[in-house]
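A.B. asks: just need the structure, nothing else, for what follows:
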Amino acid sequence: MVLTVLQRTFFCILLLAALPAAAKVSEYRLSNGMKVVVKEDHRAPVVVSQVWYKVGSSYEPDGVTGVSHVLEHMMFKGTGKLGPGEFSRVVSALGGNENAFTSRDYTAYFETLAVEHLERAMELEADRMRNILLDPAEFAKEIEVVKEERRLRTEDKPSGKVHEQFNAVAWRASPYRNPVIGWMNDLEHMTVDDLADWYRRWYAPNNATLVVVGDVQPDAVRDLAERHFGPLETSDVPVLKPAAEPKQAGETRVEVRVPARQPYLLMGYKTPIVGQSDEPWEPYALHVLSSVLDGGESARLSRQLVRGSAIAASAGAEYGSYSRLPGMLLLDGTPTDGHTVAEVEQELREQVATLREELIGEDELKRVVTQAIASKVYEADSIFYQAMQIGVLETIGLDWRLIDYEIKALKAVTPEQVRTVARRYLDDNLTVATLTPLPMNQKAGRSASVDGGRHGS
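C.D. replies: Reported below is the predicted structural model:
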């Protein structure tokens, strides 16, 4: 369904009305430095508890890449009180679910369960924050699991290899050049001592944030946090040196030749993020720009490359405004039969050139804002995602209150600002990766990465 500008405006008003009244959020700081953020949502007697550690693959030095992710796996292998796998069995017996995930900027552990079991979840997390057992036999088994995960997600997956090689050449100094799952050579030479050192260094209450969302009372959550996390000892958390990426002086290209069924193109322009931009509105203008290109069937890439010229089977744009270090605005595409990667690249370049020269329409701007509001409405239905938003912002060094500011900031973006960021950042500051398919029966050598979790998350 295609909406007129008037219909979109009316729809936007309806969505704003659908947004729940600002939920009460409380925050505390325990005496040992651990931050606690509590958001009330009393629609159901359910709670999500998440512990976020300020450590991920971007913290890792050369030689031990992947250690954050491997340690995440080992966090389920037992403490002095619980045997291997018992953490998960206890939560399951309570009718809850749990898991964990590692990214470039953080590692997080979570439980979703009935509110009366919140204290048990906190007790379990507090126990493994300082008391895991790194058994060599368990490590020997788990490192093989991680290596196989890497093979499945990267080395045997053509698009995974492209993304890994793309990051490796695009970033000169930024630790984002390394894969979250680690390089295979580092995994093969990783030791239990590497994990123990990483655990002692980063897994401490003064490097963690507890986020609780659900049918809870903030003071009661604070009391539970004090009881279980409050007695834990702190660590001397290292202060990282700045990892400033030097200005790119020209276009960088990389070709990946592996057995694959389809060619593939990935392009990336280095861009600023919220809290690290020359002008505070720039990340929001980049968000709008990305959504103008790829924000549903009516967006430009779908309308012009996929359905219009039909040279692309798929084409997309992606920009993340929240991260610890500056990132990229990404464009990608897969050509249709009879067309080439070069044609898709030329079309994507023409789309960028148009954004640099012409102002976007008011109707496109309204569509992007409407979609952002709709997204907030849908996200508010999930207590897990509400907690995720808080945890991400707090862990990368921002304030959770930015969640409520985002819509206002997007509504303030002008067409002129979108053109300005296109001219400022979408230039020779570009990396291009292409996948050239080899015959599928030809064996490729093992090599590259991806995020991970105990359950393959």
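A.B. asks: C-alpha only now, for contacts and for neighbours.
C.D. replies: Fine.
A.B. asks: how about the residue most central in space within the chain, nearest residue that isn't a chain neighbour?
C.D. replies: Central residue of the chain (CA atoms, centre = their mean): residue 103, 6.3 Å from the mean position. Nearest residue to residue 103, sequence neighbours excluded (CA to CA, 6 or more residues apart in numbering): residue 56, at 5.6 Å.
A.B. asks: in this structure, which spans are strands?
C.D. replies: Ranges of strands in the chain, per DSSP state E, are 25-29, 35-40, 46-53, 97-102, 107-114, 208-214, 252-259, 264-271, 312-319, 327-335, 430-438.
A.B. asks: burial check on the residue nearest to residue 103, number of neighbours?
C.D. replies: 22 (other CA atoms under 10 Å).
A.B. asks: isn't it up against residue 108?
C.D. replies: No. With contacts counted by CA atoms under 8 Å, residue 56 stays clear of residue 108, the gap being 9.5 Å.
A.B. asks: how close does residue 58 sit to residue 127?
C.D. replies: 26 Å (CA to CA, to the nearest Å).
A.B. asks: now for residue 56 and residue 108: what residues contact both?
C.D. replies: Jointly contacting residue 56 and residue 108 under the rule CA atoms under 8 Å, 6 or more residues apart in numbering are residue 102.
A.B. asks: so what's residue 351 up against?
C.D. replies: Applying CA under 8 Å, 6+ apart, we find residue 351 in contact with no residue.
A.B. asks: and the gap between it and residue 345?
C.D. replies: For residue 351, the distance to residue 345 equals 10 Å [CA to CA].
A.B. asks: what do you get for residue 50?
C.D. replies: 41 Å.
A.B. asks: between residue 58 and residue 127, which one's more packed in?
C.D. replies: Counted by other CA under 10 Å, residue 58 and residue 127 do not tie: residue 58 has more neighbours, with 23 against 19.
A.B. asks: circling back: okay, residue 50 and residue 345: which has more neighbours?
C.D. replies: Using other CA under 10 Å, the more surrounded residue of residue 50 and residue 345 is residue 50, with 27 against 21.
A.B. asks: got the contact list for the nearest residue to the more buried one once chain neighbours are set aside?
C.D. replies: Spatially, and ignoring its direct neighbours in sequence, residue 50 is nearest to residue 110 (4.2 Å; CA to CA, 6+ apart). Counting by CA under 8 Å, 6+ apart, residue 110 makes contact with 48, 49, 50, 51, 98, 99, 100.
A.B. asks: tell me how many other residues surround residue 310.
C.D. replies: For residue 310, the neighbour count with other CA under 10 Å is 16.
A.B. asks: wait, it touches residue 336, no?
C.D. replies: Yes. Residue 310 is in contact with residue 336 according to CA under 8 Å; the separation is 7.2 Å.
A.B. asks: mind showing which ranges of the stretch 51-200 of the chain have poor pLDDT?
C.D. replies: Low-confidence segments of the stretch 51-200 of the chain (pLDDT under 70): none present.
A.B. asks: how about the stretch 251-400 of the chain?
C.D. replies: Using pLDDT under 70, nothing in the stretch 251-400 of the chain is flagged.
A.B. asks: and the helices in it, which stretches?
C.D. replies: 282-293, 300, 341-357, 362-379, 383-395 (DSSP state H, counting those that start in this stretch).
A.B. asks: out of these, nearest to residue 40?
C.D. replies: Proximity to residue 40 (CA to CA) singles out helix 383-395 among these, at 9.4 Å.
A.B. asks: so how far is that closest one off the chain centroid?
C.D. replies: 11 Å (CA atoms, centre = their mean, to the nearest Å).
A.B. asks: with stretch 252-262 instead?
C.D. replies: How far stretch 252-262 lies from its chain's middle: 25 Å, per CA atoms, centre = their mean.
A.B. asks: flag every buried residue along it.
C.D. replies: For stretch 252-262, the neighbour count (16 or more other CA atoms under 10 Å) marks 252, 254, 256, 257, 258, 259, 260, 262 as buried.
A.B. asks: out of those, which comes closest to residue 396?
C.D. replies: Using CA to CA, the buried residues of stretch 252-262 come closest to residue 396 at residue 252, 28.4 Å.
A.B. asks: who's that closest one bridged to?
C.D. replies: residue 431 (DSSP bridges).
A.B. asks: what distance do you get for it to residue 167?
C.D. replies: Counting by CA to CA - residue 252 and residue 167 are separated by 11 Å.
A.B. asks: domain ranges for the chain, per the record?
C.D. replies: Structural domains assigned to the chain are 23-228, 252-438, following automatic domain parsing.
A.B. asks: gap between the two ends of the shortest one?
C.D. replies: Separation of the first and last residues of domain 252-438 by CA to CA is 23 Å.
A.B. asks: use 43 as the first number from now on
C.D. replies: From this message on, residue numbering opens at 43, which makes the last subject domain 294-480.
A.B. asks: count the neighbours of residue 481 for me.
C.D. replies: Neighbours around residue 481, by other CA under 10 Å: 10.
A.B. asks: was I right to think it contacts residue 302?
C.D. replies: Yes. Counting by CA under 8 Å, residue 481 touches residue 302, with 6.8 Å between them.
A.B. asks: overlap in contacts, these two.
C.D. replies: Listed as contacting both residue 481 and residue 302 by CA under 8 Å, 6+ apart is no residue at all.
A.B. asks: follow-up on the earlier one: most packed of the strands of the chain?
C.D. replies: A comparison of the strands of the chain by mean neighbour count, using mean count of other CA atoms under 10 Å, puts strand 250-256 on top with a mean of 26.
A.B. asks: just checking, what packs against it?
C.D. replies: Contact here means 3 or more CA pairs under 8 Å, 6 or more residues apart in numbering; DSSP states H and E; on that basis strand 250-256 packs against strand 77-82, strand 88-95, helix 425-437.
A.B. asks: and the ones you listed: which comes nearest residue 356?
C.D. replies: Comparing these by CA to CA, helix 425-437 comes nearest, at 27.6 Å.
A.B. asks: what's the closest one in contact with?
C.D. replies: With CA under 8 Å, 6+ apart as the test, helix 425-437 has contacts from 79, 81, 83, 89-90, 92, 94-96, 147-148, 154, 250-251, 253-256, 364, 421-422, 441-442, 444-445.
A.B. asks: buried ones in it?
C.D. replies: 425, 426, 428, 429, 430, 431, 432, 433, 434, 435, 436, 437.
A.B. asks: equivalent analysis for stretch 437-448, please.
C.D. replies: 437, 438, 440, 442.
A.B. asks: for it, list the C-alpha coordinates in PDB.
C.D. replies: The C-alpha atoms that make up stretch 437-448 are tabulated as PDB, following Å, rounded to 0.1, in the frame of the first residue of the first chain:
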ATOM      1  CA  THR A 437      27.900  -0.200  27.700                       C
ATOM      2  CA  ILE A 438      29.300   1.900  24.800                       C
ATOM      3  CA  GLY A 439      29.600   5.000  27.000                       C
ATOM      4  CA  LEU A 440      26.300   6.800  26.100                       C
ATOM      5  CA  ASP A 441      23.200   7.500  28.200                       C
ATOM      6  CA  TRP A 442      20.100   5.400  28.000                       C
ATOM      7  CA  ARG A 443      18.000   8.600  27.800                       C
ATOM      8  CA  LEU A 444      19.100   8.900  24.100                       C
ATOM      9  CA  ILE A 445      16.400   6.200  23.400                       C
ATOM     10  CA  ASP A 446      13.700   8.800  24.000                       C
ATOM     11  CA  TYR A 447      15.600  11.600  22.100                       C
ATOM     12  CA  GLU A 448      16.100   9.600  18.900                       C
END
